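In: turn this into a structure:
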Amino acid sequence: MSRKVPRAKVQSIAKERIEKLFEEAEAAFAKHPERSDRYAQLAWAISTKNKLRMPRELKRKFCRHCKSFWMPGKTVRVRTQEGHVVFTCLVCKHQTRVPY
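Out: Numbers count the residues shown, from 1 in each chain. As a prediction, this is how the structure comes out:
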């Protein structure tokens, strides 16, 4: 008898864990910014391992290049420029442009 868990259930559990990791990252940022970076890395790893698309609002909370957690004014600079929002990671200097 197979005990394989349905893919939909695995993905819903993964989504809950990703959301929880980002909540913890925001809470821990003031005292432990390196811990917040680790939480963002773990959330990204869960997303890729389970082939789960990360929600749009969470995609914009970490650097896609170095996987560091973004806190506006502390680890990321946010600017508008000719129809785009430009996020500049202050850790690795990578820029992400999002149209608006």
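In: in the sheet, who's paired with Cys89?
Out: Val76 (DSSP bridges).
In: when you give positions from now on, start the count at 6
Out: Let's use 6 as the start, then, which means that last one is Cys94.
In: tally of neighbours for it?
Out: 20 (other C-beta atoms under 10 Å). Yep, even glycine has a C-beta here, placed from its N, CA and C like the rest.
In: surely it meets Val83?
Out: No. Applying C-beta atoms under 8 Å, one finds Cys94 not in contact with Val83, separated by 10.9 Å.
In: ends of stretch 83-102, what's the gap?
Out: 10 Å (C-alpha to C-alpha, to the nearest Å).
In: which parts of it are buried?
Out: For stretch 83-102, a neighbour-count test (16 or more other C-beta atoms under 10 Å) marks 92, 94, 96, 101 as buried.
In: now do the contacts for Glu29.
Out: Tyr44 (C-beta atoms under 8 Å, 6 or more residues apart in numbering).
In: following the chain onward from the host helix or strand of it, which element is next?
Out: Using DSSP states H and E, the element containing Glu29 is helix 12-33. Using DSSP H and E, the helix or strand that follows helix 12-33 in sequence is helix 38-54.
In: contacts for the next helix or strand after that following helix?
Out: Downstream of helix 38-54, the first helix or strand assigned by DSSP H and E is helix 61-64. The contact list for helix 61-64 (C-beta under 8 Å, 6+ apart) reads 23-24, 27, 48.
In: ok, what's across the strand from Pro104?
Out: Residues in beta-bridge contact with Pro104 (DSSP bridges): His89.
In: ok, it - how many residues close by?
Out: Based on other C-beta under 10 Å, the number of other residues close to Pro104 is 7.
In: same question, Ser52
Out: 20.
In: next up, the contacts around it.
Out: 19, 23, 58-59 are the contacts of Ser52 under C-beta under 8 Å, 6+ apart.
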